[in-house]
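Colleague: Would you be able to build a 3D model of this:
(one chain, ligands or ions: 2)
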Amino acid sequence: MGSSRGVVVSAEHLSAAATALASAVEAGGDQLPVTERERAHAVVAKVSERTALVGGHTVVALAGATGSGKSSLFNALVGTPVATVGVRRPTTSTSTAAVWSDEPVGDLLDWLGVGTRHLVTPDPAAGHPGGRHEGPMGSLDGLVLLDLPDFDSRQTGNRTEAERVLELVDLFVWVTDPQKYADARLHDDYVAALATHEAVTMAVLNQADRLTADEVAQCRADLVRLMERDGVPRATVLATSVTTGDGLDELHQRLANAVAGRTMSRARLAGDVRAAAGALTGHVAESEPAVDGAARSELLDALARSAGVPTVVLAVDRDYRMEAAASTGWPFTRWVQRLRPRPLRRLRLDGRDVRVTEADVRSVLGRSSLPPPSPAARAAVDLATRRLADRASASLPHPWTDAVERAADPPGPSLGDALDRAVVGTSLRSRVPIWWRAVGLAQLLLAVAVVAGFLWLALYVVVGWAQLDQVIGDAPTLGIVPVPLVLFAGGLLGGMLLALVSRWLARIGARRRGRVMNTRLRTSIDAVAQTEIVRPVERVLERHAATRLALSRAAAV
Ligand SMILES: Nc1nc2c(ncn2[C@@H]2O[C@H](COP(=O)(O)OP(=O)(O)OP(=O)(O)O)[C@@H](O)[C@H]2O)c(=O)[nH]1
Ligand SMILES: [Mg+2]
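Modeller: Ligands and ions are numbered 1, 2, ... in the order given. Take a look at the predicted model:
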């Protein structure tokens, strides 16, 4: 897992860790302190700048005047004649690259416009990677060596080309020879022009075999002086000869140092990423609590009360009983029921105002006439919300606690509006109970019996008064009681009895419908609690978890 300093950190791991650090900072947002966030940003930027295209490679370019021996040096370092060495000038017209690495470098070489690529693989028989290094010399693993075409002899735009390459190279090796090293134009074109770039630090005086030892020493001193004049103080100047092999080991070692330097700089950057992640880790907890179930149901109760659910349920109950009485009561008195105001209608919850629209549309447009929540109900909501937030943020560092509290407490009237919309949007309708119809029909028949019995009896009274008894004879009897009387009295008694029983049944039915509507309303309110309070809180907790996990990934580099 976490690697200590000194261990090689691959560019891939480094940039993965930096990405994790960046996402931790993004997820953490304002809950992380500004200074630490800025520090992390700076580290991330540095890593991406260093690893963007070059990755874990060290890019070294051999550049200089034509015929100085760049391709010869290149071949000597690679160990095989990859680049063409020629007498006709200029020989090299496109860049050639030698790569000491298993990692892919395609993008990099494409960007550089390198046509010829050579992979230097370790030679198992020789026991050391290709090239002419033997013994205790440093490894070139990770090196991308470029044999550049001579900028000078190419058309215009050569300077731009050099600048382009310089953006990526770690070391720009200016190869010159005894004839050209003092050429003012070359100095102006290469060294002075590129002096501001930190990669230009090295010059190679090749073909040293053409000079005596004294002359070599003098040329080197001259070159150092010239480079100083060009703006590159304390430049490294090596004298080499491909013909005799002099100075090549030292050149190899310099390149190995550059590779090691880059490895070290990656290790340092990894350390920076770890430190930045470590500094941020103090601002997150090791885990995050969940939204507490008990606190949630307490919140639901409080919200239901504040939304007026008990009032609505009471209205549903009374509405049911009134409607039941209107359709199952005694027909001679039940019209009175129709004159009384209906509780649900008074609350504008009977859905009659907006019958044409869909339930959702209704919930948007409609507004109930429920009384506003009492101060006590509102305080209960506050308390339940705070308790839920407290439990969901227990053990979190301060800024996170605040964030959870803010998330649980939506500002302004949005919660009240959402609750009212939920109540209005809940359908309180249900089918007319079958027994109402049955009883209603029975009541109608009984009423007909009463009227028929009454008229029949009245007929007898009129007939008796007019002394016309003989015309219609005696009324039929049921036992000893005349049928008209049975119809009249039985109808009256039956109707009243049925009305009484229905009232008792309606009370049970009303209670049941109240319970059904209570459940429906609470489901709607629960959805409001979920979107307005619980989800926002959970989102903060999810952000915390994302920050925590990303930080641990970043710290593991
Ligand atoms: N005596 C001597 N000749 C060398 C040395 N290095 C290279 N040469 C010769 O110099 C000539 C040019 O060498 P190249 O390696 O092709 O030079 P270059 O810098 O790649 O030239 P361009 O590709 O044209 O830019 C060749 O004939 C080499 O054999 C050296 O150290 N000593
Ligand atoms: Mg060449």
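Colleague: Which elements pack onto the helix or strand containing Ala379?
Modeller: Under the criterion DSSP states H and E, the helix or strand holding Ala379 is helix 375-393. Taking 3 or more C-beta pairs under 8 Å, 6 or more residues apart in numbering; DSSP states H and E as the contact definition, the neighbouring helices and strands of helix 375-393 are helix 293-306, helix 398-408, helix 535-555. Where you see a C-beta, it was placed from the backbone N, CA and C, and this is true even at glycine.
Colleague: Next, the angle from it to helix 535-555.
Modeller: Using axes from the mean of the first three to the mean of the last three C-alpha atoms, to 10 degrees, one finds that helix 375-393 and helix 535-555 are set 20 degrees apart in direction.
Colleague: Find the nearest non-adjacent residue to Trp330, please.
Modeller: Ala499 (4.2 Å; C-beta to C-beta, 6 or more residues apart in numbering).
Colleague: tell me the average confidence for whatever helix or strand the one you found lives in?
Modeller: When elements are defined using DSSP H and E, Ala499 is found to belong to helix 483-529. Helix 483-529 shows a mean pLDDT of 95 in the predicted model.
Colleague: what packs against that helix?
Modeller: Contact partners of helix 483-529 among helices and strands, from 3+ C-beta pairs under 8 Å, 6+ apart: helix 293-306, helix 309-328, helix 414-425, helix 434-465.
Colleague: Beyond the last one, next helix or strand please.
Modeller: Tracing the chain C-terminally past helix 434-465 and defining elements by DSSP H and E, one meets helix 469-472 next.
Colleague: For ligand 1, what's the nearest residue on the stretch 301-450 of the chain?
Modeller: When distances are taken as C-beta to the nearest ligand atom, the stretch 301-450 of the chain approaches ligand 1 most closely through Pro399, which lies 61.2 Å from it.
Colleague: which stretches of this structure have low pLDDT?
Modeller: Where the chain drops to pLDDT under 70, the residues are 1-7, 87-93, 122-136, 151-164, 166-167, 196-200, 351-367, 411-412.
Colleague: Does Ala304 touch Ser524 like I think?
Modeller: No. The pair formed by Ala304 and Ser524 falls short of the contact definition of C-beta atoms under 8 Å, at 9.6 Å.
Colleague: which of the two has more neighbours?
Modeller: Remark: of Ala304 and Ser524, Ala304 carries more neighbours, 25 against 22, as counted by other C-beta atoms under 10 Å.
Colleague: Tabulate the helices and strands packed on helix 483-529 (a markdown table), appending distance to ligand 2.
Modeller: Formatted as a markdown table, the helices and strands packed on helix 483-529 follow (distance: least, C-beta to the ion, whole Å):
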| stretch | distance to ligand 2 |
| --- | --- |
| helix 293-306 | 76 |
| helix 309-328 | 88 |
| helix 414-425 | 73 |
| helix 434-465 | 102 |
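Colleague: Can I get those helices in a markdown table including distance to Val224?
Modeller: Below are these laid out as a markdown table (distance: least, C-beta to C-beta, whole Å):
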| stretch | distance to Val224 |
| --- | --- |
| helix 293-306 | 76 |
| helix 309-328 | 90 |
| helix 414-425 | 75 |
| helix 434-465 | 110 |
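Colleague: what about the ones you listed, which gets the closest to Ser393?
Modeller: Within the helices and strands packed on helix 483-529, the stretch nearest Ser393 is helix 293-306; the backing value is 11.5 Å (C-beta to C-beta).
Colleague: Leu223 versus the closest residue to the residue of the stretch 301-450 of the chain closest to ligand 1 other than its chain neighbours, what's the distance?
Modeller: Computed as C-beta to C-beta, 6+ apart, the closest residue to Pro399 that is not its neighbour in sequence is Gln31, at 4.2 Å. From Gln31 over to Leu223 the distance is 58 Å, taken as C-beta to C-beta, to the nearest Å.
Colleague: Tell me the span between the first and last residue of stretch 60-71.
Modeller: Stretch 60-71 has an end-to-end distance of 14 Å (criterion: C-alpha to C-alpha, to the nearest Å).
Colleague: Ok, stretch 421-430 next?
Modeller: End-to-end distance of stretch 421-430 (C-alpha to C-alpha): 20 Å.
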